[in-house]
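[1] Requesting a structural model of the entry that follows:
(one chain, ligands or ions: 2)
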Amino acid sequence: MRGAAAPSAWILWIADIPGEISGVGGGSGRLPCSARSRSLRPRRDRAVPRSGGFQLQLELGSGRASPRPVMEPGKLLSGGASVAAVLPAGGSGERLGSATPKQFCALLGRPLISYTVRALERINWISDIVVVVSLENIETMKSIIEKYGHKRITVVEGGMTRHRSIFNGLKIFPESNLSSCPLQKPEVVIIHDAVRPFVEEDILLKVVLAAKEHGAAGAIRPLVSTVVASSADGSLDHSLERARYRASEMPQAFVFDIIYQAYHQCSDYDLDYGTECLHLALKYCKTNAKLIEGSPDLWKVTYKRDLYAAESIIKDNLSQQVCVTTDMKEDAVQLGFLLHETLKNEVKQAKGKSVFLCKNDNRLQKIFLGQCYNFICINAKKSDIKETQQLVDILENARISVLHPVVLISVHLNVSENMSFSSGMEELAGIKEFAKEVKKKHILVYGLLIHYNKDDPKLQEIINSAAAIISALIKDRNPELIGQLLVA
Ligand SMILES: Nc1ccn([C@@H]2O[C@H](COP(=O)(O)OP(=O)(O)OP(=O)(O)O)[C@@H](O)[C@H]2O)c(=O)n1
Ligand SMILES: O=P(O)(O)OC[C@@H](O)[C@@H](O)[C@@H](O)CO
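    Ligands and ions are numbered 1, 2, ... in the order given. Predicted structure coming up:
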């Protein structure tokens, strides 16, 4: 399959939902301009409707509306303070009830901890990330780092409790900065549970800047249940006024020397039974942490239900963009356009972005780097999957399926009335083998047959049915259905 030349010209439509792709390694949408993603914006005045479809100029625009201060890699604003992160991941996840510690449980085939690491490593002002795992999981962690291409990661052995693991993570930094040492002692250190994958740059920046000013800072959330105290006999002693209290979440950030000193002075009781780093900074270093309201997605994966919830959030985030590709044949272009228009409604008012791409598939790759994980390839002929194979080659070269499974729906038109349904089906049966092969590259290929007649009064009905099937496949991303041929 490799080496297939890119088709002479393709038309692409990209529909995406307004808003941000968060929590899955995608940017918060407000990245510092040095790290911002590039997005596509058709130049409106160039929309040239042509028979069967639009031909628009492609303009690779910046991903942001307003400039942000440029963050120097590994350095924070004002004074060049460096920031590092410690991710405690040394627990056994007993409350989840799985033989595999929850941080290594798979979400869409990828360990939970990889999503959290990705969420931090894509922020270029975090210089180093220390992941603290139990001794028996060090090799597992190293293989995850290699498989998913994580950068700037140091693996450290954990301790019997979370506080002991965090302390081990802090100890890896040198007491003073030696040029020979790969790790530099940061001015500010973020502490973030490895089982909280949905952390965005905004809250990280807020807690770090607040820690720089106050010595410590932590994310908080409103309580959802009232806190009560029970008396010795198990009856209610008193309840707390819920409005006055908050749940302490993560991320937290500290001036490194403060939290390091706090852990050094920490009693064994606190190391073994404590759960709150902010408390240690207060108790041992008289530092009152700044509390910062965080967003609802800062929750920690603790129970099985949290794992299911995390996976469905990730699926939802990945389903936000759809890219419809077709070659220049009129039937395919018209169907592509109608499908794109209908899909925009199907994915709830997605903003349609349409681009026209010439032969240079490098520009196509820039599209792929724009966080699109769902592709619909319209094959003008019912029985061959040439365009789909070419698109798979380009997707593979773009390496976007390394982190997240890519959905590719191979659409086939059953165009002429006199072509019997069965004719050409034997070729299409090959899609099953093709899909099995391509799944190894984390690309999930599904077939969709559309009876297409541009004069059919029921054409829109058929298109609606196709869009509903496509939307379901994209949302479900079920590897068990790959290679199946569905009929709109
Ligand atoms: N000895 C420990 C215990 C916990 N953690 C980490 O601290 C974070 C939050 O702790 P928690 O949710 O309690 O994780 P577990 O201790 O694994 O869960 P459980 O209490 O259900 O066993 C997790 O990323 C966990 O891996 C750690 O690094 N070292
Ligand atoms: O208590 P657990 O070990 O479940 O998890 C640690 C949490 O307590 C901690 O992440 C926040 O409360 C913030 O400190």
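[2] correct me, but residue 282 touches residue 290?
    No. Between residue 282 and residue 290 there is no contact under C-beta atoms under 8 Å: 11.8 Å. Quick note: C-beta positions are derived from backbone N, CA and C, even for glycine.
[3] Find residues that contact each of these two.
    Each of residue 216 lies in contact with both residue 282 and residue 290 under the rule C-beta atoms under 8 Å, 6 or more residues apart in numbering.
[4] Now do the SS call for the residue in the chain that ligand 1 sits nearest to.
    Distances from the chain to ligand 1, computed as C-beta to the nearest ligand atom, single out residue 91 as the nearest residue at 2.1 Å. Taken by DSSP: H, G, I helix; E, B strand; the rest coil, the conformation at residue 91 corresponds to coil.
[5] Count the neighbours of it for me.
    Around residue 91 sit 21 other residues, with neighbours defined as other C-beta atoms under 10 Å.
[6] Please report phi then psi for it.
    phi -80, psi 170 (degrees, to the nearest 10).
[7] which residues touch it?
    With contacts defined as C-beta under 8 Å, 6+ apart, the neighbours of residue 91 are 101, 102, 103, 134, 158, 162, 165, 195.
[8] near ligand 1, which of those show up?
    Among these, the residues within reach of ligand 1 (C-beta under 6 Å from any ligand atom) are 103, 158, 162, 165, 195.
[9] Mind giving me the ChimeraX select for those residues, buried ones only?
    With 16 or more other C-beta atoms under 10 Å as the criterion, this ChimeraX line picks the buried residues out of the ones next to ligand 1 among the contacts of residue 91:
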select :103,158,162,165,195
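[10] Need the ones next to ligand 1 among the contacts of residue 91 in CSV (columns: pLDDT and secondary structure).
    Putting the ones next to ligand 1 among the contacts of residue 91 into CSV (pLDDT from 0 to 100; DSSP: H, G, I helix; E, B strand; the rest coil) gives the following:
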residue, pLDDT, secondary structure
103, 98, helix
158, 98, coil
162, 98, helix
165, 98, helix
195, 98, coil
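[11] so which of the ones next to ligand 1 among the contacts of residue 91 also contact ligand 2?
    Under the cut-off given by C-beta under 6 Å from any ligand atom, ligand 2 has residue 162 from these close to it.
[12] residues in contact with the nearest residue in space to residue 116 that is not next to it in sequence?
    The shortest distance from residue 116 to any residue that is not its chain neighbour, by C-beta to C-beta, 6 or more residues apart in numbering, is 4.5 Å, and that residue is residue 197. Contacts were defined as C-beta under 8 Å, 6+ apart; by that measure residue 197 touches 23, 24, 107, 112, 115, 116, 119, 301, 310, 314.
[13] Quick one: name the residues of the protein near ligand 2.
    Along the chain, the residues adjacent to ligand 2 under the rule C-beta under 6 Å from any ligand atom are 162, 193, 248, 249, 250, 275, 276, 277, 300.
[14] what about the host helix or strand of residue 281, average pLDDT?
    Element membership for residue 281 (DSSP states H and E) is helix 277-285. When the per-residue pLDDT values of helix 277-285 are averaged, the result is 98.
[15] Remind me what that helix packs against, helices and strands.
    Using 3 or more C-beta pairs under 8 Å, 6 or more residues apart in numbering; DSSP states H and E as the contact criterion, the secondary-structure elements in contact with helix 277-285 are helix 162-171, strand 216-222, strand 246-255, helix 256-265.
[16] in it, what counts as buried?
    Residues of helix 277-285 classed as buried by neighbour count (16+ other C-beta under 10 Å): 277, 278, 280, 281, 282, 283, 284, 285.
[17] Tell me how far the nearest residue to the third one once chain neighbours are set aside lies from residue 92.
    Okay, so that is residue 280. For residue 280, the nearest residue in space outside its immediate sequence neighbours is residue 262; the separation is 4.2 Å by C-beta to C-beta, 6+ apart. For residue 262, the distance to residue 92 equals 25 Å [C-beta to C-beta, to the nearest Å].
[18] Check residue 156 too.
    Remark: distance between residue 156 and residue 92 (C-beta to C-beta) = 17 Å.
[19] In terms of neighbours, single out the busier of those two.
    The residue with more neighbours, out of residue 156 and residue 92 and counting by other C-beta under 10 Å, is residue 156; that gives 22 against 14.
[20] Doesn't that one lie inside a strand?
    Yes. The assignment for residue 156 by three-state DSSP puts it in a strand.
[21] That one and residue 132 touch, don't they?
    Yes. Residue 156 lies in contact with residue 132 (C-beta under 8 Å); the separation is 4.9 Å.
[22] what do these two both touch?
    Counting by C-beta under 8 Å, 6+ apart, the residues touching both residue 156 and residue 132 are 168, 169.
[23] Any residues of the protein in contact with ligand 1? List them.
    Counting by C-beta under 6 Å from any ligand atom, the residues of the chain near ligand 1 are 88-95, 103, 132, 158-162, 165, 193-195, 300, 302.
[24] ok, now with 8 Å
    By C-beta under 8 Å from any ligand atom, the residues of the chain that approach ligand 1 are 87-96, 101-103, 132-134, 158-162, 164-166, 193-196, 275, 300-302.
[25] List only those of these flagged as buried.
    Neighbour counting over the residues of the chain next to ligand 1 (16+ other C-beta under 10 Å) leaves 87-91, 93, 96, 101-103, 132-134, 158-159, 161-162, 164-166, 193-196, 301 as the buried ones.
[26] follow-up on the earlier one: reformat the buried residues of helix 277-285 into JSON lines and put distance to residue 340 next to each item.
    As requested, the buried residues of helix 277-285 are exported to JSON lines (distance: C-beta to C-beta, whole Å):
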{"residue": "277", "distance to residue 340": "49"}
{"residue": "278", "distance to residue 340": "49"}
{"residue": "280", "distance to residue 340": "55"}
{"residue": "281", "distance to residue 340": "53"}
{"residue": "282", "distance to residue 340": "56"}
{"residue": "283", "distance to residue 340": "59"}
{"residue": "284", "distance to residue 340": "59"}
{"residue": "285", "distance to residue 340": "58"}
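[27] before we move on, what SS does residue 441 have?
    State at residue 441, reduced to three classes by three-state DSSP: coil.
[28] burial of it, as a residue count?
    Other residues near residue 441 come to 16 when the count uses other C-beta under 10 Å.
[29] what does residue 188 give?
    26.
[30] Repeat that for residue 148.
    The burial count assigned to residue 148 is 18, neighbours taken as other C-beta under 10 Å.
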